[in-house]
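Participant: Provided below for reference: sequence and predicted model.
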Amino acid sequence: MARTVVQDGVTRRTTSAFFRGDSTNFYPNEMSFDRDDIVPQYIAKGWMPAAPYIRKETPIAAFGSCFATNISNYLHERGFNVLTKAENGAYVTRMGEGMVNTFAIRQQFEWAWLGTVPKSSLWHGYSAEEFGYDEDVRLATKAIFDRAEVFIITLGLSEIWYDEPTGEVFWRAIPLNQYDPARHKFRVSSVAENLENLRAITRLIRANRPDATIVFTVSPIPLQATFRDVTCMAANAVSKSILRVAIDELHRELAPTDARLFYFPSYEVVMNLFRNAWQADRRHVHDRVLQFNMEIFERYYCLPGLTDAALLRAFRETRDKDMELGGLQRQDARRQAFVERSERQERIARALAKRKERRDAADPAEVAARRAAREAANAERRRQRMARAEAGARREARQISMAQRQARGAAVAGAAAVPPGRAARAPRGAISRFLAVGAQGLSKWLRHRRAGPGG
């Protein structure tokens with residue numbers, strides 16, 4: 001039996017042949033973006049808490065991939081209590097945006113709460129400096145986790161470098177001076193591995209902070225490079241998909257019984273909501289899109305937060321800027337084409353000027369000799385073209401003459417076949433007249449060609 005649903009104020013039939021379940025949500029079209037309910041209907045539905053509850057004093061721990069910095073900075077600038085913005089020596093503070101895979105994030109929770117120390121040197125800073133397993137740093141990390149009432153964890157990638165004898169995974173790539181091809185390997189982690197890491201992280205938080213909110217996100221920032229022997233764009237699509245699927249499986253598995261477990265769709269906002277979200281390097285998001293992403297978070301999670309009207313206004317302003325940027329980009333492309341054309345014309349002009357300078361600087365006698373040689377070569381080419389044309393004309397004349405003889409023979413034969421009573425009315429023949437005119441035209445053309453251009 002067919003069922004009807006309403007999308008953008010229009011009643012639609014889901015199907016007339018198949019049952020599609022109790023919930024049918026359509027992908028937005030261009031008209032959807034003009035509706036007042038674009039954010040709650042196409043972005044927030046199914047992912048957000050029932051009401052905001054994060055207050056300015058609520059302790060927040062936000063870390064993970066580089067996109068986590070945007071979340072931390074936004075909330076911190078608005079006066080929220082972001083623990084990972086404080087200088088306390090913890091690695092989740094110093095390298096909070098550099099823990100890009102689920103293995104590294106799980107290591108921090110297990111180190112802080114369980115005292116699990118990796119067997120090999122896995123943690124390194126941005127300049128490949130080694131971060132050890134200092135007890136004071138562990139306790140500083142534990143203090144953050146023990147206080148946090150909200151954990152915002154951003155996942156970046158699923159490509160990993162690992163230590164083969166122990167199976168332990170590095171935060172990032174391996175420092176060049178420590179790389180050992182016999183033990184250090186690269187691979188793409190699986191959905192199952194990432195899902196198990198997320199389960200372990202969730203279990204640890206629930207064991208130590210049972211009432212805390214857990215918000216997982218996926219960073220939209222693409223891989224800068226892949227270590228796979230494939231294109232980076234394709235590898236990035238796989239890397240993000242693995243993480244997104246792992247989070248979705250966790251959410252479907254635990255969210256029905258865990259009211260404080262959420263996914264925030266920052267990845268989808270950047271990838272699907274705007275046409276010109278990226279800066280020129282295609283890896284960093286424009287500030288206006290980042291701002292809107294965080295405004296969505298503030299609207300649905302924070303007190304005091306934004307109203308629906310304020311969020312809709314923010315979306316429309318961001319979309320207007322996005323469309324304006326699209327026009328500016330087209331203008332920039334036209335401007336760049338004009339610049340390239342102008343530069344090409346300048347190069348040609350410079351080449352001609354240099355050629356003129358060489359001519360002017362050359363010996364007059366040498367210049368005259370070169371000019372005479374060019375004129376002689378041109379005259380010889382004209383003579384050869386004329387000879388080829390005359391040969392072709394002679395061939396055509398012979399063919400016409402042969403055709404005339406054949407036509408006269410055919411006329412004689414035809415006249416003999418005409419009954420005596422009709423012979424006097426037989427015309428001379430259109431073919432003969434045509435061939436005669438053709439022969440006259442060819443003769444005139446040959447005389448013109450022999451006379452030359454000035455004849």
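Facilitator: Received, thanks.
Participant: Show me the shaky parts of the stretch 301-450 of the chain.
Facilitator: Counting by pLDDT under 70, the stretch 301-450 of the chain shows low-confidence ranges at 328-335, 338, 414-450.
Participant: One more: the stretch 1-150 of the chain?
Facilitator: Applying pLDDT under 70 to the stretch 1-150 of the chain flags the ranges 1-20.
Participant: please redo it, this time with the cut-off set to 90
Facilitator: The stretch 1-150 of the chain contains residues with pLDDT under 90 at 1-37, 64-73, 84-89, 92-100, 122-132.
Participant: which residues in it form strands?
Facilitator: In the stretch 1-150 of the chain, the strands defined using DSSP state E, counting those that start in this stretch lie at 4-7, 10-13, 60-64, 150-155.
Participant: in its sheet, what does the last one sit against?
Facilitator: To tie it back to what came earlier, the one meant is strand 150-155. If you go by DSSP bridges, strand 150-155 pairs up with strand 60-64 (parallel), strand 213-218 (parallel).
Participant: Tell me which residues of stretch 273-283 come out buried.
Facilitator: L273, F274, N276, A277, W278 (16 or more other CB atoms under 10 Å). The C-beta positions use only the backbone N, C-alpha and C, and glycine is treated the same way.
Participant: Over to stretch 100-115?
Facilitator: Neighbour counts over stretch 100-115 (16+ other CB under 10 Å) mark 100-113 as buried.
Participant: would JSON lines of these with distance to P175 be doable?
Facilitator: Listed next are the buried residues of stretch 100-115 as JSON lines, based on distance: CB to CB, whole Å:
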{"residue": "V100", "distance to P175": "16"}
{"residue": "N101", "distance to P175": "17"}
{"residue": "T102", "distance to P175": "22"}
{"residue": "F103", "distance to P175": "18"}
{"residue": "A104", "distance to P175": "15"}
{"residue": "I105", "distance to P175": "20"}
{"residue": "R106", "distance to P175": "22"}
{"residue": "Q107", "distance to P175": "17"}
{"residue": "Q108", "distance to P175": "20"}
{"residue": "F109", "distance to P175": "24"}
{"residue": "E110", "distance to P175": "23"}
{"residue": "W111", "distance to P175": "20"}
{"residue": "A112", "distance to P175": "24"}
{"residue": "W113", "distance to P175": "28"}
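Participant: quick one: which of the strands paired with strand 150-155 is nearest V191?
Facilitator: strand 213-218 (13.2 Å; CB to CB).
Participant: Could I get the average pLDDT for the closest one?
Facilitator: For strand 213-218, the mean per-residue pLDDT is 96.
Participant: coming back round to it: which one of the strands paired with strand 150-155 lies nearest to Q336?
Facilitator: Set against Q336 and scored by CB to CB, these come closest in strand 213-218, at 33.8 Å.
Participant: Pull that closest one out as PDB, backbone CA atoms only.
Facilitator: C-alpha atoms of strand 213-218 as PDB (Å, rounded to 0.1, in the frame of the first residue of the first chain):
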ATOM      1  CA  THR A 213      27.800  13.700  27.400                       C
ATOM      2  CA  ILE A 214      29.700  12.100  24.500                       C
ATOM      3  CA  VAL A 215      29.700  13.800  21.100                       C
ATOM      4  CA  PHE A 216      31.500  12.200  18.200                       C
ATOM      5  CA  THR A 217      32.200  14.200  15.100                       C
ATOM      6  CA  VAL A 218      34.100  13.500  11.800                       C
END
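Participant: Show me the helices in this structure, by range?
Facilitator: 38-39, 68-77, 91-94, 102-114, 135-147, 191-208, 232-254, 266-272, 287-301, 308-361, 364-417, 430-451 (DSSP state H).
Participant: Could I get those in TSV, plus columns for distance to H124?
Facilitator: Shown next, in TSV, are the helices of the chain (distance: least, CB to CB, whole Å):
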stretch	distance to H124
helix 38-39	40
helix 68-77	18
helix 91-94	11
helix 102-114	11
helix 135-147	14
helix 191-208	20
helix 232-254	21
helix 266-272	27
helix 287-301	27
helix 308-361	37
helix 364-417	69
helix 430-451	85
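Participant: Counting neighbours, what do you get for M31?
Facilitator: 11 (other CB atoms under 10 Å).
Participant: and the gap between it and Y42?
Facilitator: Using CB to CB, to the nearest Å, M31 is found at 12 Å from Y42.
Participant: Now do the contacts for P40.
Facilitator: Neighbouring residues of P40 by CB atoms under 8 Å, 6 or more residues apart in numbering: D308.
Participant: just to revisit the earlier point, which of the strands paired with strand 150-155 sits most buried?
Facilitator: Of the strands paired with strand 150-155, the one with the most neighbours on average (mean count of other CB atoms under 10 Å) is strand 60-64, at a mean of 27.
Participant: Which residues outside that one are in contact with it?
Facilitator: Contacts for strand 60-64 (CB under 8 Å, 6+ apart): 54, 68, 71-72, 75, 80-84, 92-93, 96-97, 99-100, 105, 108, 144-145, 148-156, 217, 219.
Participant: angle of that strand against helix 191-208?
Facilitator: Taking axes from the mean of the first three to the mean of the last three CA atoms, to 10 degrees, one finds strand 60-64 and helix 191-208 inclined to each other by 160 degrees.
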